[in-house]
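A.B. asks: Fold the following and give me the result.
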Amino acid sequence: MIRRAVESDVPEIFAMVRELAEYERALEEVRADEEHLREALFGQNPAAFAHIAEGEAGEAVGFALWFLNFSTWRGVHGIYLEDLYVRPSARGGGYGKALLTELARTCVERGYERLEWSVLKWNRPSIDFYEALGARPQEEWDVYRLTDDALKQLGTV
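C.D. replies: Residues are numbered from 1 along each chain as shown. Presented below is the predicted three-dimensional model:
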């Protein structure tokens, strides 16, 4: 079952964020805590949204965390999927596909024209999964990021 996250899901979502970071070999980069996540998802002006995949016993086995983006060329919003994670014990059970299906349904219902995300180049199982659903890499684009000192240096000019 896929459902919208509620505030009481925050501890479990945060635990899965840490599991995902560990899987991606970047646990040391997690600086957020449950309060950051709670504010982003359920604060005065939520900027992010989440869905939960529940297993047979109602336990959280995965999540999708997303936010809106905007295409100036198409003139409409889209969804940017920040994180999609299914716990190893639940992989192969259709939860990842169900989460993506729910986000695609949200796009269609709201008139959004894109569902986008990034995937690590070495993460072949995820790449194969996404391509089996019909997703294609945007090879003409490279992702750039400013963080930490470089961000501070540019932001204080």
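A.B. asks: Which residues does the longest helix out of those in the chain contact?
C.D. replies: Using DSSP state H, we find that the single longest helix of the chain is helix 95-110. By C-beta atoms under 8 Å, 6 or more residues apart in numbering, the list of residues contacting helix 95-110 from outside reads 2, 51, 53, 55, 61-64, 66, 77-79, 81, 84, 86, 112-115, 129, 133. C-beta coordinates here come from the backbone N, C-alpha and C atoms, glycine included.
A.B. asks: residues of it that come out buried?
C.D. replies: Within helix 95-110, the residues that count as buried by 16 or more other C-beta atoms under 10 Å are 95, 96, 98, 99, 100, 102, 103, 106, 107.
A.B. asks: Identify, from these, the entry nearest to residue 139.
C.D. replies: Using C-beta to C-beta, residue 100 is the member of the buried residues of helix 95-110 that sits closest to residue 139, with 20.7 Å.
A.B. asks: on that earlier part again, pull the longest helix of the chain out as PDB, backbone CA atoms only.
C.D. replies: Output in PDB follows, covering the C-alpha atoms of helix 95-110 (Å, rounded to 0.1, in the frame of the first residue of the first chain):
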ATOM      1  CA  TYR A  95       7.100  -1.300  -3.700                       C
ATOM      2  CA  GLY A  96       9.500   0.900  -5.800                       C
ATOM      3  CA  LYS A  97       7.300   0.600  -8.800                       C
ATOM      4  CA  ALA A  98       4.200   1.400  -6.700                       C
ATOM      5  CA  LEU A  99       5.900   4.500  -5.400                       C
ATOM      6  CA  LEU A 100       6.900   5.700  -8.800                       C
ATOM      7  CA  THR A 101       3.400   4.900 -10.100                       C
ATOM      8  CA  GLU A 102       1.900   7.000  -7.400                       C
ATOM      9  CA  LEU A 103       4.100  10.000  -8.300                       C
ATOM     10  CA  ALA A 104       3.300   9.500 -12.000                       C
ATOM     11  CA  ARG A 105      -0.400   9.500 -11.200                       C
ATOM     12  CA  THR A 106       0.100  12.700  -9.200                       C
ATOM     13  CA  CYS A 107       1.800  14.300 -12.300                       C
ATOM     14  CA  VAL A 108      -1.000  13.200 -14.600                       C
ATOM     15  CA  GLU A 109      -3.800  14.300 -12.200                       C
ATOM     16  CA  ARG A 110      -2.200  17.700 -11.700                       C
END
